[in-house]
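Trainee: Sequence and computational prediction follow.
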Amino acid sequence: MTPEVRWVSAFIDVPPDGFDAASSFWASVTGSVPGKPWGDREEFVPLEPPHGQPCLWLQRKEQGTVSCHPDLYVPGDTGVVEAADHAVGLGATRLSGTDDLVVLRSPGGLPFCLVTHRDQQERPGPVGPPGARCVADQICLDIPAGRFEEEGDFWSAVTGWPRSHESEEFDRLARPAHVPYAFLLQRLDDDPPAVTAHLDLACDDRQAVTSRQEALGAEVVRRTPGWTVMRDPAGLVYCNTGRAPGEV
């Protein structure tokens, strides 16, 4: 039986030299306040939104480049270890873990965690000035073309969410309405060594949101008809999209 995924958080993994910049930027973008750090080294910092429950976290990592990964929350009566066994049976690799948190890698190489659900029920809504609201509400998995079908099947099976075909470039997983992040699967033209992930924001007015983020220290990487590729002050690439904020 597929364990029920009741909540999803996105983690921005940042080396020490970019941590403060990333924390300040994403707190401003999401209208949040950095919460109390936790972890053995106080390496995890939740961003507390003005309404709803935290679903965007920063993780201080010892080295490397800035990146993004998802955490999937499963019921305590299912058990994280049992959910991890299910994921391994689908092709994941177990990296480390406890009774409450297991770190894994997807078949295509994307790190993710399985965590015990803590009664999160209300996802944050859009924030920002009228006409320029936005919300981080989608995790896009950037998948090498040769791994697209295998990786898409894995994420649909591990979440239990149906997979639909949108275009030659994109598939989507249908999330429950209360879960804060949708999963978009992007088929890449090139062939990087592993699957990566980035955040997508839904925007009332993409240009107005982009201009506000530039004033906060972000830079535009590329503009397309449907989205604007951005880079935050710590180097994290993300996208502003023209999707309506607050939709499932």
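Mentor: Looks like it came in fine. Residues are numbered from 1 along each chain as shown.

Trainee: List the contacts of Pro50.
Mentor: Counting by CB atoms under 8 Å, 6 or more residues apart in numbering, Pro50 makes contact with 31-32, 124, 127. For the C-beta atoms, the positions are set from N, CA and C on the backbone; glycine is no exception.

Trainee: Packing partners of the longest strand belonging to the chain?
Mentor: As assigned by DSSP state E, the longest strand anywhere in the chain is strand 134-144. Packed against strand 134-144 by the contact rule (3 or more CB pairs under 8 Å, 6 or more residues apart in numbering; DSSP states H and E) you find strand 7-14, helix 16-30, helix 148-159, strand 182-188, strand 196-203, strand 237-241.

Trainee: Select, out of these, the one closest to His86.
Mentor: helix 148-159 (7.2 Å; CB to CB).

Trainee: what mean pLDDT would you report for that closest one?
Mentor: Helix 148-159 carries an average pLDDT of 97.

Trainee: same check, this time on stretch 230-244
Mentor: The pLDDT scores in stretch 230-244 average 97.

Trainee: what sits up against it?
Mentor: So stretch 230-244 is contacted by 12, 14, 18-19, 21-22, 24-26, 65-68, 134, 136-138, 140, 198-204, 206, 209-210, 213, 216-221, 226-229 (CB under 8 Å, 6+ apart).

Trainee: got the end-to-end distance for that stretch?
Mentor: Start-to-end span of stretch 230-244 (CA to CA, to the nearest Å) is 18 Å.

Trainee: Next, the buried residues of it.
Mentor: When neighbours are counted by 16 or more other CB atoms under 10 Å, the buried residues of stretch 230-244 are found to be 230-234, 236-241, 243.

Trainee: Can you name the residues that contact Val103?
Mentor: 94-97, 111-113 are the contacts of Val103 under CB under 8 Å, 6+ apart.

Trainee: ok so, going back, how about the helices and strands packed on strand 134-144 in JSON lines, adding distance to Leu104?
Mentor: As requested, those are exported to JSON lines (distance: least, CB to CB, whole Å):
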{"stretch": "strand 7-14", "distance to Leu104": "14"}
{"stretch": "helix 16-30", "distance to Leu104": "24"}
{"stretch": "helix 148-159", "distance to Leu104": "9"}
{"stretch": "strand 182-188", "distance to Leu104": "16"}
{"stretch": "strand 196-203", "distance to Leu104": "14"}
{"stretch": "strand 237-241", "distance to Leu104": "23"}
